[in-house]
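# Structure, please.
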Amino acid sequence: RTFVETQKPDAILLAEVDLDPNQYNKYLGNEDQMHMLFNFYVNNFMYLAFAREEATPLARALQRMPIEITEKEQLATFLRNHDELNLDKLSRNEREEVFKVFAPDENMRIFGRGIRRRLASMLGNDRKKIELAHSLLFTLPGTPVLRYGEEIGMGEDLSMEGRSSVRTVMQWSNEKN
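Next comes the predicted model:
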């Protein structure tokens, strides 16, 4: 961290640490640690809240977050990233609730714990739902992070294997996929 800050003061180290929030302090804070972590925990419960159409799961997840985040560190809040939507922080029953709503077909799931779809597709390409999801993203604690393609409602390509379904190139035309 010190090296990065001396070489490029406006750069950050952003880490994928898909652990319980009580372990975030191992990666944040001190001079030799990360500037920012993706907040996978809140992301899991955001999708449970979306599936249930109620805020309670998200509110509970936010209550579990470490409260001592300083000005030298931050959590990155996101709707989708470059991998599967990993739901391993949810119980089996909660995960099934989310699968039922956002990945009803087995081909939409991956590794028994995740979804290989993009946000717009999961929300039925409903502009109002997509806008609401992004409004929520920008009101949550942390730094909002957008995955390329979200700004145009880009979908996945389920004909591609594994995580490649959401790692497609930027859609430069209105053709399918």
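
# mind listing what's buried in the strand ranked longest in the chain?
The strand spanning the most residues in the chain, taking DSSP state E as the definition, is strand 74-78. Buried residues in strand 74-78, counting neighbours by 16 or more other C-beta atoms under 10 Å, are found at 74-78. C-betas here are computed from N, CA, C, even on glycine.

# And the nearest residue to Asn22 once chain neighbours are set aside, how close does it get to Asn39?
Counting by C-beta to C-beta, 6 or more residues apart in numbering, Pro66 is the residue found nearest to Asn22 once chain neighbours are left out, at 7.3 Å. Remark: distance between Pro66 and Asn39 (C-beta to C-beta, to the nearest Å) = 10 Å.

# ditto for Arg52
20 Å.

# Now do the contacts for Val98.
47-48, 50-51, 87, 90, 115 (C-beta atoms under 8 Å, 6 or more residues apart in numbering).

# out of these, who's nearest Val101?
Ala51 (4.2 Å; C-beta to C-beta).

# quick one: secondary structure of that closest one?
helix (DSSP: H, G, I helix; E, B strand; the rest coil).

# buried residues in whichever strand or helix holds Glu5?
Under the criterion of DSSP states H and E, Glu5 resides in helix 2-7. Within helix 2-7, no residue counts as buried by 16+ other C-beta under 10 Å.

# contacts for that helix?
11-13, 31-32.

# repeat that with 10 Å
11-13, 31-32, 35, 72 (C-beta atoms under 10 Å, 6 or more residues apart in numbering).

# export those to JSON lines and tack on pLDDT?
Below are the contacts of helix 2-7 laid out as JSON lines (pLDDT from 0 to 100):
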{"residue": "Ala11", "pLDDT": "93"}
{"residue": "Ile12", "pLDDT": "90"}
{"residue": "Leu13", "pLDDT": "92"}
{"residue": "Glu31", "pLDDT": "65"}
{"residue": "Asp32", "pLDDT": "71"}
{"residue": "His35", "pLDDT": "90"}
{"residue": "Lys72", "pLDDT": "79"}
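
# sorry, back to before: apply the buried test to the contacts of Val98 and list what passes.
Buried among these by 16+ other C-beta under 10 Å: 47-48, 50-51, 87, 90, 115.

# Out of those residues, the closest to Gly124 would be?
Phe50 (11.5 Å).

# For Asn39, see how far away that closest one is.
Distance from Phe50 to Asn39, by C-beta to C-beta: 16 Å.
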